[in-house]
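sequence first, predicted model second:
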Amino acid sequence: MRLLVCGGAGFIGSNFVRQRVGEHGDEVVVLDKLTYAGRPENLRDVEHVFVHGAIEDPAAVADALEHGVEAVVNFAAETHVDRSISGPEAFLRTQMDGTYVLLEAARERGLRYVQVSTDEVYGSIEEGSFTEASPLNPSSPYSATKTGADLLVTSYVHTYAVNASICRGSNAYGPRQYPEKLIPLMILNALHGDPLPVYGDGLQVRNWLYVEDFARGIGHVLQHGQAGAVYNVGGPDEATNLDVVRRIIALTGATEDLIEHVTDRPGHDRRYSLASDKIRALGWQAQVRFDQGLEHTVAWYRENTWWWEPIRSGEYRAYYERQYGRALG
Ligand SMILES: NC(=O)c1ccc[n+]([C@@H]2O[C@H](COP(=O)([O-])OP(=O)(O)OC[C@H]3O[C@@H](n4cnc5c(N)ncnc54)[C@H](O)[C@@H]3O)[C@@H](O)[C@H]2O)c1
């Protein structure tokens, strides 16, 4: 297939592009604004055409589509909940305006469209798991703007018969994830002997999904999903944040006295959990259990210092100081 992958220089997008080119022989055009989270080096070993631009810019989207594609897969988003609390505007621009521009382009050209979304649109659940029919109940500017984008996608299916599907993933982890997110943050801090900042009591539960499993699920929906359908893509295992941190301590050889409980995130969702029966019926299944994926991820960060050294000395350092009120070591 010939694909336009928006946000393909980020964590999940770059894993998806690597998979599609390497395993499916797809030709891929990447459109990416290269925010702090977008890194061309994520794709340095993958053949693709790169267009630098924002999805909310119709001229940039038209430029990218000049290359001739059959489908659009949209990963592009502002993705960090903490940043959405301190500065929500960019989240509205990218999630709302950007998704609108892409949907218009898909409508005009009759393109297949897949929106990459998140379990956070359902909000928190104490027991059981969310299905695709569960009510949408987002609680942060990040999840609210992702929900808005999902609703816009559905409206384009109903109103303009755009051939679009939505894929809602649970918490992804794996190589090339920006270190503001829990798992790479803890791995890099543990490797440096820096404190491990745990929000509140650390008993928030997440449903962990290895990035390659998520990417494969999105490819599966692209090829086999129905127009207008939503597919949950949940990981095989749940764990509390504190349990994740303890496993990382064990894998890195750090010590528990590095754990530091810090003030909880405002409105922090307690538990996310997805039922993924619908995508399983389509033939997808998660392959990587959390223990195995986490071990691989820790090994990847140990071995790929070239990838994260520039991040730990740049914008991220200032962000970290603002967020946690202390400098990185
Ligand atoms: N990380 C997770 O745990 C997770 C889970 C479920 C769903 N998702 C969704 O998956 C998608 C990818 O997440 P990620 O973790 O890879 O994010 P990321 O922050 O690593 O990457 C986002 C990418 O989008 C690009 N981008 C941002 N704004 C843009 C814009 N306006 N125009 C063009 N490009 C832009 C960035 O430069 C970056 O390359 C997002 O839509 C996110 O909501 C993420």
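That came through fine. Keep in mind that what you see is a predicted model, and the values were worked out from it rather than measured.

for the stretch 151-300 of the chain, what spans make up the strands?
164-169, 172-173, 196-199, 205-210, 230-233, 237-240, 259-262 (DSSP state E, counting those that start in this stretch).

ok, and what's touching the last one?
It stands for strand 259-262. With contact meaning Cβ atoms under 8 Å, 6 or more residues apart in numbering, strand 259-262 is reached by 195-202, 242, 245, 249, 324. All C-beta spots, glycine's among them, are computed from the backbone N, C-alpha and C.

isn't residue 195 right up against residue 189?
Yes: contact criterion Cβ atoms under 8 Å: residue 195 and residue 189 qualify, at 6.8 Å.

what's the overlap in contacts for these two?
residue 258.

and these two? which has more neighbours close in?
More crowded of residue 195 and residue 189, by other Cβ atoms under 10 Å: residue 189, with 25 against 17.

report pLDDT for the residue nearest to the more buried one when sequence neighbours are not counted.
Distances taken as Cβ to Cβ, 6 or more residues apart in numbering place residue 196 nearest to residue 189, at 5.4 Å, with adjacent residues excluded. On the pLDDT scale, residue 196 is placed at 96.

and residue 196, how many residues sit next to it?
24.

point out the most buried one among the strands of the stretch 151-300 of the chain.
strand 230-233 (a mean of 26; mean count of other Cβ atoms under 10 Å).

sheet-wise, list the partners of that strand with their directions.
strand 164-169 (parallel) (DSSP bridges).

tell me which element the nearest residue to residue 86 once chain neighbours are set aside falls in.
Of all residues not flanking residue 86 in the chain, residue 322 sits nearest, at 7.7 Å (Cβ to Cβ, 6+ apart). Per DSSP states H and E, residue 322 falls inside helix 315-324.

helices and strands around that helix, which ones?
helix 81-86 (3 or more Cβ pairs under 8 Å, 6 or more residues apart in numbering; DSSP states H and E).

what mean pLDDT does the helix it packs on get?
On average, helix 81-86 scores 93.

what's the neighbour count on residue 17?
The number of residues packed near residue 17 is 26, by other Cβ under 10 Å.

mean confidence score for the longest helix along the chain?
What stands out as the longest helix in the chain, according to DSSP state H, is helix 141-160. The pLDDT scores in helix 141-160 average 98.

buried residues in that helix?
141-150, 152-154, 156-157 (16 or more other Cβ atoms under 10 Å).

tell me which parts of the stretch 51-200 of the chain are close to the ligand?
By the rule Cβ under 6 Å from any ligand atom, the part of the stretch 51-200 of the chain lying against the ligand is 54-56, 75-79, 94, 98, 116, 118, 146, 169, 171-172, 178.

hang on, the earlier thing: distance between the helix holding residue 322 and the chain's centre?
20 Å (Cα atoms, centre = their mean, to the nearest Å).
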